[in-house]
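**Student:** predicted model and sequence below, questions to follow.
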2 protein chains.
Amino acid sequence: MTAEVGLRERKKAATRAALAGAANRLAVELGVEHVTVEAIAAAADVSPRTFHNYFSSREEAIVASIIDWAERLTDDIEARPADEPIWDSLLAVFMESVEDGAAAHARMMAQIEMVLAHPSVIANQLAALDTMRRRFAEAIAVRTGTDTARDLYPHLIAGAAGLAFKTAVDIWASGPPERSLHELVADGFAQIRAGLPQPGR
Amino acid sequence: MTAEVGLRERKKAATRAALAGAANRLAVELGVEHVTVEAIAAAADVSPRTFHNYFSSREEAIVASIIDWAERLTDDIEARPADEPIWDSLLAVFMESVEDGAAAHARMMAQIEMVLAHPSVIANQLAALDTMRRRFAEAIAVRTGTDTARDLYPHLIAGAAGLAFKTAVDIWASGPPERSLHELVADGFAQIRAGLPQPGR
DNA sequence: CGAAAAATTGCAGATACCGCAAAAGTTCTG
DNA sequence: CAGAACTTTTGCGGTATCTGCAATTTTTCG
């Protein structure tokens, strides 16, 4: 599926990944405000000018790995049996993408704190998530025989799944861990699936 | 409710509004890339340095009016009868906020095109919309007796309403206008309320 | 009025960002 | 494999962003 890549393309992808990785790592380690383009470029062994051939801002590079994650999730969705209800596919894929274990959790928390501490990074993260949503919508449209240009449906499904996931992560990260992330995600999906009925009362 | 404001606060608000208004207007008229902080400051009759006391970036100022809109919508929600089902309140408020008429539509389209033409503005718009979502969630939590720190519910409702609205606007703006914006918004809300069942087949 | 508090401004400096053209590297073709 | 064609990397130069600091002006309050 992803064959036919020459040396040139592979090198470009490697450079991009090196820059994105360095940017993210430095942002978490040193704090966003202490990361310069020069430092990122040096860590990836290219010139500062080359950095700007790949990313148009520091923040874009810092959150670029989200796009990779989106790509993987999209592939996972496409790999699911074609006759599985789309909503089941989405839940399964998101649940699988949550890593267990204290180390993984600590890494996630560090990421979240780094992002939340900087409005400009938040904005770029949301933009990356929006790109992810658009890819999801495409995959879902193919699966469900809908049209992204005409139908609300694929966008709503993709957006709602992302919303449930992000909300679960936000609550998980902000409060004391009353519930596991898996539980929260499952709960969010279930509520949306049920049409978000007004609770209690 | 918003009484007790001295001259100082009113002036600050006026300056902020003047800057945001100038930034947005210039971005639409001249194109984002031709708007400098200096020009915005001049149009609002303050120094460039003062601009940065209010906004930390050009893009933030350009999309700042979204926050005002969010504030008005939030007030509208709070003004609705307390016993109305929350979902009805949201639909009503959003529907009312869509202006009719060719001039209003043209203005909306100009805004949308300006934003879409610049990734950095998209990112900041999404951040502003996210702030709006958070305020909605607060208002909804009060209404429904839920807790934004513990419950997914208010966030999901606020997010889902925003998602339905934004998706409707995106589809309305991108294709030929097969359906009115009102129709699309109503359709989006209805689908989410129904739990996004897989269509047709 | 006069003192305290807050906002505006200019200045200086670090950094981001982008266009351009030269240099270096990769791919294609005979 | 030679060398043409194409792509990427890089340095340079210039404009604009953004921030801290200290002086100045404006507003508030006793």
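**Tutor:** On my side now, so go ahead. Residues are numbered from 1 along each chain as shown, chains lettered A, B, ... in the order given.
**Student:** so where do the helices sit in chain A?
**Tutor:** A:7-30, A:37-43, A:48-54, A:58-62, A:65-79, A:86-97, A:102-116, A:119-144, A:153-174, A:181-193 (DSSP state H).
**Student:** now A:His52: how far from DNA strand C?
**Tutor:** Distance, A:His52 to DNA strand C, using CB to the nearest atom of the strand, to the nearest Å: 5 Å. (Each C-beta comes from the backbone N, C-alpha and C, glycine too.)
**Student:** A:Ala103 now?
**Tutor:** Distance from A:Ala103 to DNA strand C, by CB to the nearest atom of the strand: 30 Å.
**Student:** count of neighbours near that residue?
**Tutor:** A:Ala103 has 9 neighbouring residues, counting by other CB atoms under 10 Å in any protein chain shown.
**Student:** and the pLDDT at it?
**Tutor:** You'll see A:Ala103 listed with a pLDDT of 96.
**Student:** how does chain A divide into domains?
**Tutor:** A:7-59, A:65-193 (automatic domain parsing).
**Student:** returning to what we had before: which of the helices of chain A sits closest to B:Pro154?
**Tutor:** helix A:153-174 (9.6 Å; CB to CB).
**Student:** tilt between that closest one and helix B:119-144?
**Tutor:** 70 degrees (axes from the mean of the first three to the mean of the last three CA atoms, to 10 degrees).
**Student:** using CSV, write out every CA atom in helix A:153-174.
**Tutor:** Output of helix A:153-174 as CSV, limited to C-alpha atoms (Å, rounded to 0.1, in the frame of the first residue of the first chain):
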residue,chain,number,x,y,z
TYR,A,153,-23.1,12.5,8.5
PRO,A,154,-19.5,11.5,8.0
HIS,A,155,-18.3,14.8,9.5
LEU,A,156,-20.6,14.5,12.5
ILE,A,157,-19.5,10.9,13.2
ALA,A,158,-15.8,11.8,12.9
GLY,A,159,-16.2,14.9,15.0
ALA,A,160,-18.3,13.2,17.7
ALA,A,161,-15.8,10.4,18.1
GLY,A,162,-13.0,12.9,18.4
LEU,A,163,-15.0,15.0,20.8
ALA,A,164,-15.8,12.0,23.0
PHE,A,165,-12.2,11.0,23.0
LYS,A,166,-10.8,14.5,23.7
THR,A,167,-13.3,15.2,26.4
ALA,A,168,-12.4,11.9,28.1
VAL,A,169,-8.8,12.8,28.0
ASP,A,170,-9.4,16.3,29.3
ILE,A,171,-11.4,15.0,32.3
TRP,A,172,-8.9,12.2,32.9
ALA,A,173,-6.0,14.6,32.9
SER,A,174,-7.5,17.5,34.9
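**Student:** local confidence estimate at the residue nearest in space to the middle of chain A?
**Tutor:** For chain A, A:Ile66 is the residue whose C-alpha lies nearest the centre (CA atoms, centre = their mean; 3.8 Å). With respect to pLDDT, A:Ile66 has a value of 89.
**Student:** that one and chain B, how far apart?
**Tutor:** Distance, A:Ile66 to chain B, using CB to the nearest CB, to the nearest Å: 12 Å.
**Student:** one more: A:Pro199?
**Tutor:** Distance from A:Pro199 to chain B, by CB to the nearest CB: 6 Å.
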